[in-house]
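*Asks:* coordinates only, sequence not included:
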C-alpha cells in the first residue's frame with residue numbers, strides 16, 4: 001500500500017515537475033530566440049536552422065517566393081509586350097480615335113440635347129460623309145498628282161545633288177533615300193502587316209469598330225480598368241483616367257484643328273501662287289500635321305521641292321507659304337487648344353517619335369505623342385497625390 005501510494009504520489013507530482021521544467025525553459029528561451037532573430041537580421045543564420053523546402057509556413061520561404069514570382073512576371077510581361085506589340089498599338093490607335101469621337105459627341109451635346117448614342121451616330125456618320133465627299137471631290141486630281149510627285153521629287157533631288165557635287169559638296173541623297181525607304185517601308189511587325197492594301201483596309205476597319213465600341217460607353221471600360229486596382233485606390237484611379245481622357249481630348253482637338261488649318265491654308269495659298277500640285281500638297285500637309293515636328297519638316301521639304309521645280313520665284317513663294325502656315329499653327333492654334341491640356345517639351349516629343357518610329361514603324365511614330373501625353377499626365381497626377389498624402393500625414 002505504501003509503495004503504491006508513493007508511486008501514485010510520484011506520478012501526481014510529475015506534471016508539476018514537468019510544468020516547472022517547461023517554465024524554466026521558457027524563461028531561458030528568449031535569449032536564444034533573440035540570438036536567432038539577430039542572426040536572421042544580420043544574414044548569418046546557422047545553416048542547420050535555416051528553413052528548407054518542407055518549411056512552407058516559414059516567412060522567409062514566402063518572401064523568396066514572392067520575389068521570384070515578381071521577377072518572372074516582369075520578364076514574362078516584357079516578352080508578351082514584344083510579341084503582342086502589333087495588336088497593342090492597334091488598341092492604342094483605337095483609343096485615340098475613340099477619344100476624338102467622344103470629344104465630338106460631347107461638343108455636339110452642348111447644342112443638341114439628345115441621347116449620347118444618337119450624338120455618337122451623328123458624329124460617326126458625319127465623319128464618314130466628309131471623307132467620302134473629300135475623296136469624290138479631289139480623288140481624280142489628287143491621284144494624278146500623286147502619280148507625278150515621286151518622279152518630280154527625285155528629279156529635284158538629283159538636280160540639287162549635281163549642283164552640290166559641282167561645288168565640291170556631297171549631300172549623300174542615296175543614303176538619305178535608303179534611310180527614308182527603311183523608315184516608310186516595312187519596319188517591324190506593324191508596318192509588315194500594313195504593307196498591303198488589304199492589310200490597311202482591314203486594320204482601319206478593326207480600329208474604327210473598336211473605337212466606336214469604346215466611345216459608346218467609356219464609363220463602362222473605365223470602371224473595368226479600375227477594377228484591377230485595389231479598392232482603396234479606385235477613386236484616385238477614376239480621377240486619373242478622367243484626367244487622361246480630358247488631356248487626350250484637348251490634345252486631339254488641337255491636333256485636328258491644326259491639321260485642318262495647315263491643309264486648307266497650304267493648298268489655298270499654293271493654288272493662289274500658281275504652284276503645281278497645290279491640292280495634293282494641301283492633302284499631304286493635312287495628313288503630315290498629325291506628326292508634330294517630323295510631319296512639318298517633311299511637308300516643308302515637299303512644298304519647297306515642288307515650288308523650285310517651276311522656277312526660283314515659285315520656290316521662294318512656296319517656302320514663304322510653308323513658314324507662314326507653320327507660324328499660324330505653332331503660335332496661334334497649338335497654344336490656344338492643345339498646350340492648355342498638356343505642355344510637352346519639343347525635344348521630348350521628338351525623342352519619343354524617333355524611338356517609337358525606329359521600334360514600331362509608322363504607327364509607332366504617329367502614336368508617340370498621345371502615348372507620351374498619357375504617360376506624363378499619369379505620372380504627374382500620381383506625384384501630386386503622393387505629395388498631398390505626405391503633407392496630410394505630416
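*Replies:* Received the coordinates, thanks. Note that the structure is a prediction, hence the values are computed from the model and not measured. Numbering: from 1, shown residues only.

*Asks:* Now do the strand or helix carrying residue 96: distance to the chain's middle.
*Replies:* Assessed by DSSP states H and E, residue 96 sits inside helix 85-109. Average the C-alpha atoms of helix 85-109, do the same for its chain, and the two points are 12 Å apart (CA atoms, centre = their mean, to the nearest Å).

*Asks:* Check stretch 363-374 too.
*Replies:* Averaging C-alpha coordinates over stretch 363-374 and over its chain gives two centres that are 5 Å apart (CA atoms, centre = their mean).

*Asks:* same deal with stretch 380-391?
*Replies:* Averaging C-alpha positions (CA atoms, centre = their mean) puts stretch 380-391 23 Å from its chain's average.

*Asks:* if we can go back for a sec, what residues does the helix holding residue 96 touch?
*Replies:* Contacts with helix 85-109, where a contact means CB atoms under 8 Å, 6 or more residues apart in numbering, come from 81, 116, 119-120, 122-124, 127, 188-190, 193, 203, 206-208, 210-212, 214-215, 218, 245, 248-249, 252-253, 256, 360, 363-364, 366-367, 370-371. Yep, even glycine has a C-beta here, placed from its N, CA and C like the rest.

*Asks:* Compute the inter-axis angle for the helix or strand following it and helix 85-109.
*Replies:* Tracing the chain past helix 85-109, the next element assigned as helix or strand by DSSP H and E is helix 116-166. Angle of helix 116-166 versus helix 85-109, following axes from the mean of the first three to the mean of the last three CA atoms, to 10 degrees, is 120 degrees.

*Asks:* Number of residues surrounding residue 249?
*Replies:* 18 (other CB atoms under 10 Å).

*Asks:* which ones are touching it?
*Replies:* Listed by CB under 8 Å, 6+ apart, the contact set of residue 249 reads 99, 100, 102, 103, 106, 341.

*Asks:* which of these lies closest to residue 330?
*Replies:* Using CB to CB, the shortest approach to residue 330 within the contacts of residue 249 belongs to residue 341, at 16.4 Å.

*Asks:* What pLDDT does the model give the closest one?
*Replies:* The pLDDT attached to residue 341 in the predicted structure is 56.

*Asks:* ditto for residue 327
*Replies:* According to the per-residue confidence, residue 327 scores 85 in pLDDT.

*Asks:* tell me the contacts of it?
*Replies:* For residue 327, no residue meets the contact criterion (CB under 8 Å, 6+ apart).

*Asks:* Spatially, what comes nearest to residue 252 if we skip its sequence neighbours?
*Replies:* Beyond its immediate neighbours in the sequence, the residue positioned closest to residue 252 (CB to CB, 6 or more residues apart in numbering) is residue 100, lying 4.8 Å away.

*Asks:* Give the burial count for that neighbour, as a bare number.
*Replies:* Counted with other CB under 10 Å, the neighbours of residue 100 add up to 20.

*Asks:* Please apply the same query to residue 204.
*Replies:* By the other CB under 10 Å criterion, the neighbourhood of residue 204 contains 13 residues.

*Asks:* swap in residue 268?
*Replies:* 15.

*Asks:* And what about it, helix, strand or coil?
*Replies:* For residue 268, the secondary structure call by DSSP: H, G, I helix; E, B strand; the rest coil comes out as helix.

*Asks:* measure it to residue 275 for me?
*Replies:* 11 Å (CB to CB, to the nearest Å).

*Asks:* Then residue 390?
*Replies:* 59 Å.

*Asks:* Looking at these two, which one has more neighbours?
*Replies:* Looking at residue 390 and residue 275 with other CB under 10 Å, you find the greater number of neighbours at residue 275, namely 23 against 9.

*Asks:* List the contacts of the more buried one.
*Replies:* Residues near residue 275 by CB under 8 Å, 6+ apart: 281, 303, 306, 307, 310, 314, 317, 318, 321.

*Asks:* can you give me the mean pLDDT across the strand or helix carrying residue 79?
*Replies:* Per DSSP H and E: residue 79 is located in helix 59-83. Per-residue confidence for helix 59-83 averages out to 84 on the pLDDT scale.

*Asks:* what's the angle from that helix to helix 85-109?
*Replies:* Between helix 59-83 and helix 85-109, the angle formed by their directions is 80 degrees, by the same axes, to 10 degrees.

*Asks:* List the buried residues in helix 59-83.
*Replies:* With burial defined by 16 or more other CB atoms under 10 Å, not one residue of helix 59-83 is counted as buried.

*Asks:* hang on, the earlier thing: among the contacts of residue 275, which ones are in strands?
*Replies:* Assigned to strands by DSSP state E, none of those qualify.

*Asks:* Flag whichever of those scores worst on pLDDT.
*Replies:* In this model, the minimum pLDDT among the contacts of residue 275 belongs to residue 310 (82).

*Asks:* ok now do residue 273, which residues does it touch?
*Replies:* Applying CB under 8 Å, 6+ apart, one finds that residue 273 lies in contact with 314, 317, 318, 321.

*Asks:* Assess the claim that the third one and residue 270 are in contact.
*Replies:* Yes. Under the criterion of CB atoms under 8 Å, residue 318 makes contact with residue 270 at 6.4 Å.

*Asks:* what do the two both touch?
*Replies:* 303, 307.

*Asks:* ok, back up a step: are any of the contacts of residue 275 buried, and if so which?
*Replies:* For the contacts of residue 275, burial is judged from neighbour counts taken by 16+ other CB under 10 Å, and it is met by 281, 303, 306, 307, 314, 317, 318, 321.

*Asks:* quick revisit: nearest to residue 112 among the contacts of residue 273?
*Replies:* Using CB to CB, residue 321 is the member of the contacts of residue 273 that lies nearest residue 112, at 37.3 Å.

*Asks:* how many neighbours does the spatially closest residue to the closest one that is not a sequence neighbour have?
*Replies:* Counting by CB to CB, 6+ apart, the nearest residue to residue 321 once its immediate chain neighbours are dropped is residue 269, at 4.5 Å. The number of residues packed around residue 269, counting by other CB under 10 Å, is 19.
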